[in-house]
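1. got a sequence here, can you model it:
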Amino acid sequence: MGHVIVVDLGFGDAGKGTVVDHLCRTGAPSVVVRFNGGAQAAHNVVAPDGRHHTFAQFGSGTFTPGVLTHLSRFMLVDPLALAAEADHLRAVGVPDALDRLTVDGDALLTTPYHRAANRARESARGAARHGSCGMGVGETASYALAHDDAPRAADCLSPARLRRRLAAVRDWYRTAFPGGEDVPGADACAEAFTAFAERVRIVGPGHLPALLRTGNAVFEGAQGVLLDEWHGFHPYTTWSTTTFANAETLLAEAGASAARLGVLRAYATRHGPGPFVTEDPALTADLPDPHNGTGRWQGAFRVGHLDAVALRYALEVAGGVDGLAVTHLDVAGARPDLRVCRSYEMDGGRVGRLETGPPDLDRQAALTRRLLAARPVYAPLGDPVETIEDALGAPVVLRSHGPTSTDKRADHFRTSIDLSVR
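-> Residues are numbered from 1 along each chain as shown. The predicted structure is shown next:
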C-alpha cells in the first residue's frame, strides 16, 4: 500500500476515521500517525460487529489488532482525555490501546488550565463565538507561542520541571481569567500527568523515522482544510495546520513520501458558525448525523449541498491530491434533491474560483466577509462520483456507502494509492 496521508477537504466530519479504519483493515499498515490537532478530534468508527468509538487522540485504526498509534510532535496531547478515551476503548473490547501508543516528547500538553481558558474566552465572545470545541487546543497553541516553557510530553518524565511548568500555566490562567471556572492545583495535575508518563512510552525524534522504515503508515489528519489556521475562513478556524504539510514534514525528515488521499462527503456539512454558502436548513432538518449533534461549545451541526467552489479552493491550498475518498454515498443515493454548487454569485458577479495566497489573516478575514454574502449557483448533483471527479479533476479511489469497512468499495486503482486490496 505504501504510506498514505488522509486529509479532510471540507470543514471536518467528512469521515476520515472510517476511511483510516478501512485502510488499516485492508492495507496492513503498522501504524497510524496523528499529525495535527488534539483531543477535540471526533473521528467516528463503527466496526463490522457494531462496536462504536469516537477516536480523538488514538489512531482510528485501533480496532485492528496490532496497529500502533504515534502522536507526533505536531499533536497537542491531553493526558486526561487520553486516559478517558483508553477507558472507553477498553469497554468496547480494545484493552491494549495504551500499550500500542507512543508520544513524541516534544508534543505540547493540553492541561485543565488551557481548557478552562478556552471556555472562558469563547463565552466572552457572546454572539460572536468562533465555534470552539472547548477542549483547550487553541489556548495550548497560543500559550506555547508566547511562553518558551510551555509544558511538553517529555516534561512528564521530570516531575519537578513538570510541576513548575504546570504552575506557570495555572497562574497565567488565573490572572487572565479571574472569573473563570475552578481548576485543580498544579500538584494534582502533575501527579496525573506523571502517571500518564508511567503508562505510555514517550519517545525521541528518531522513533518515527524508524517506524516508517519498518512498515507502512497511515497519517491521520484532524478537522478539515477549510478550517486551516492560515487558509481557512478567519476567524472561524482552528489553531492547527490541517493540510498535508505537517505529515509531509515528518515524512521528509525520514526520507520517505506518501500518497495524498482527500476525504469529502457527497454533500457538505459544517459544525459551528462561519461561512457555509451551500447551507440548506431543510437538509439540516432531514439529515441529522447520529454522531454529530449540537454542542455547547461547538454549536449546531449544519448540512448543505456539495460545494465544488470550496472544495476546489481546499485542493489548491493543500497542494492537490492523488485520489479522493467520497463518503455518505448511501445518503446521496436516497436523496435525488441533492445539488452541486459550481459557482457563487459574489461581489456583483459569478465566481467559480476563490483566490489563494501566502498566509495573510487580513486577506482571509476579508474573504470570510465576502463568503457570508455569497449565494450558490446550483446544478443537479447527478451521479455524485462522476460530478466530483469532473468538478475537482481528481479520481475517486474509494467509495463509502455506509459507516463500516464492509461498506467501502475501492475502484481499480488509477493512482499510486493501492486501495484495491479487497
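2. Ala254: neighbour count?
-> Number of residues near Ala254 (other C-beta atoms under 10 Å) recorded here: 16. From N, CA and C alone the C-beta is placed, and that goes for glycine too.
3. for Asp286, same thing?
-> As a measure of burial, Asp286 has 12 neighbours, counting by other C-beta under 10 Å.
4. what are the contacting residues of whatever helix or strand Ile388 lives in?
-> Assigned by DSSP states H and E, Ile388 falls within helix 384-392. Surrounding helix 384-392, the residues in contact under the criterion C-beta atoms under 8 Å, 6 or more residues apart in numbering are 264, 266, 306, 308, 311-312, 315, 324, 326, 329, 332, 338, 340, 342, 381, 395-396, 399.
5. and that helix, what's its mean pLDDT?
-> In this model, helix 384-392 carries a mean pLDDT of 98.
6. now it: how far from the chain's centre is it?
-> Centroid separation between helix 384-392 and its chain, computed with C-alpha atoms, centre = their mean, to the nearest Å, is 24 Å.
7. helices or strands up against the next helix-or-strand element following it?
-> Beyond helix 384-392 on the C-terminal side, the first helix or strand identified by DSSP H and E is strand 396-400. The elements that strand 396-400 packs onto, with contact taken as 3 or more C-beta pairs under 8 Å, 6 or more residues apart in numbering; DSSP states H and E, are helix 16-26, strand 323-327, helix 384-392, strand 408-410.
8. mind doing that once more with 6 Å?
-> strand 323-327, strand 408-410 (3 or more C-beta pairs under 6 Å, 6 or more residues apart in numbering; DSSP states H and E).
9. does Tyr344 sit in a helix, a strand or a coil?
-> At Tyr344 the chain is in strand, as set by DSSP: H, G, I helix; E, B strand; the rest coil.
10. my bad, should have said Glu355
-> What three-state DSSP gives for Glu355 is coil.
11. give me the number of residues near it?
-> Neighbourhood size, Glu355 [other C-beta under 10 Å]: 9.
12. go on, Asp149?
-> Applying other C-beta under 10 Å, we find 13 other residues in the vicinity of Asp149.
13. please report how far Leu109 lies from Val33.
-> 19 Å (C-beta to C-beta, to the nearest Å).
14. pick the most buried one from the helices and strands packed on strand 396-400.
-> strand 323-327 (a mean of 25; mean count of other C-beta atoms under 10 Å).
15. let me know the angle separating that one from helix 384-392.
-> Relative orientation of strand 323-327 versus helix 384-392 (axes from the mean of the first three to the mean of the last three C-alpha atoms, to 10 degrees): 140 degrees.
16. which helices and strands does the helix or strand containing Leu311 pack with?
-> Using DSSP H and E, Leu311 sits within helix 308-318. If contacts are counted by 3+ C-beta pairs under 6 Å, 6+ apart, helix 308-318 sits against strand 339-346.
17. following element in sequence after the strand it packs on, please.
-> Taking DSSP H and E, what comes next after strand 339-346 is strand 349-351.
18. just confirm Val103 contacts Ile202, I think it does.
-> Yes - applying C-beta atoms under 6 Å as the test, Val103 and Ile202 come out as touching, 5.1 Å apart.
19. looking at the two now, which is surrounded by more residues?
-> Val103 (29 against 22).
20. what does the one helix or strand the more buried one maps to rub up against?
-> Using DSSP H and E, the element containing Val103 is strand 101-104. Strand 101-104 has contacts (C-beta atoms under 6 Å, 6 or more residues apart in numbering) with 69-73, 77, 153, 200-203.
21. quick one: it to chain centroid distance?
-> 18 Å.
22. cool, stretch 341-350 as well?
-> 29 Å.
23. so what touches that stretch?
-> 277-278, 305, 307-309, 351-352, 370, 374-378.
24. so which of these wins on neighbours?
-> That'd be Asp307 among those, by other C-beta under 10 Å, with 27 neighbours.
25. who's that residue bridged to?
-> On the basis of DSSP bridges, Asp307 is bridged to Cys341.
26. hang on, isn't it packed against Ala268?
-> Yes - here Asp307 reaches Ala268: they are 4.9 Å apart, a contact under C-beta under 6 Å.
27. re earlier: just the buried residues from the contacts of helix 384-392, in PyMOL please.
-> Selecting only the buried members of the contacts of helix 384-392 in PyMOL, with burial defined as 16 or more other C-beta atoms under 10 Å, works like this:
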select buried, resi 264+266+306+308+311+312+315+324+326+329+332+338+340+342+381+395+396+399
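28. ok, for the residue nearest the centre of the chain, nearest residue in space, not its chain neighbours?
-> Nearest to the geometric centre of the chain sits Ala222, at 1.4 Å (C-alpha atoms, centre = their mean). Once flanking residues are discounted, Ala222 sits nearest to Gly37: 3.0 Å by C-beta to C-beta, 6 or more residues apart in numbering.
29. tell me how far the one you found lies from Phe301.
-> 18 Å.
30. can you tell me the element Phe179 falls in?
-> Not quite, residue 179 is Gly, not Phe. Per DSSP H and E, there is no helix or strand for Gly179.
31. and it, how many neighbours?
-> Gly179: 7 neighbours (other C-beta under 10 Å).
32. what distance do you get for it to Tyr173?
-> Counting by C-beta to C-beta, the gap from Gly179 to Tyr173 is 11 Å.
33. number of nearby residues for Ala141?
-> The local packing of Ala141 (other C-beta under 10 Å) involves 19 other residues.
34. please name the residues that touch it.
-> Trp239.
35. ranking helices and strands of the chain by mean pLDDT, which lands last?
-> helix 112-124 (a mean of 89; mean pLDDT, DSSP states H and E).
36. now the element after that one, going C-ward?
-> Heading C-terminal from helix 112-124, the first helix or strand you meet, by DSSP H and E, is helix 137-146.
37. list the buried residues of that following helix.
-> Counting neighbours by 16+ other C-beta under 10 Å, one finds that the buried residues in helix 137-146 are 137-144.
38. please save the CA atoms from it in CSV.
-> C-alpha atoms of helix 137-146 as CSV (Å, rounded to 0.1, in the frame of the first residue of the first chain):
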residue,chain,number,x,y,z
VAL,A,137,-6.5,23.2,21.8
GLY,A,138,-6.3,26.8,20.6
GLU,A,139,-5.2,28.0,24.0
THR,A,140,-2.4,25.4,24.1
ALA,A,141,-1.1,26.5,20.8
SER,A,142,-1.3,30.3,21.6
TYR,A,143,0.2,29.8,25.1
ALA,A,144,3.2,28.0,23.6
LEU,A,145,3.8,30.8,21.1
ALA,A,146,4.1,33.3,24.0
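39. could you tell me the average pLDDT over that helix, please?
-> 95.
40. next SSE after it?
-> Tracing the chain past helix 137-146, the next element assigned as helix or strand by DSSP H and E is helix 159-176.
41. lovely, talk soon.
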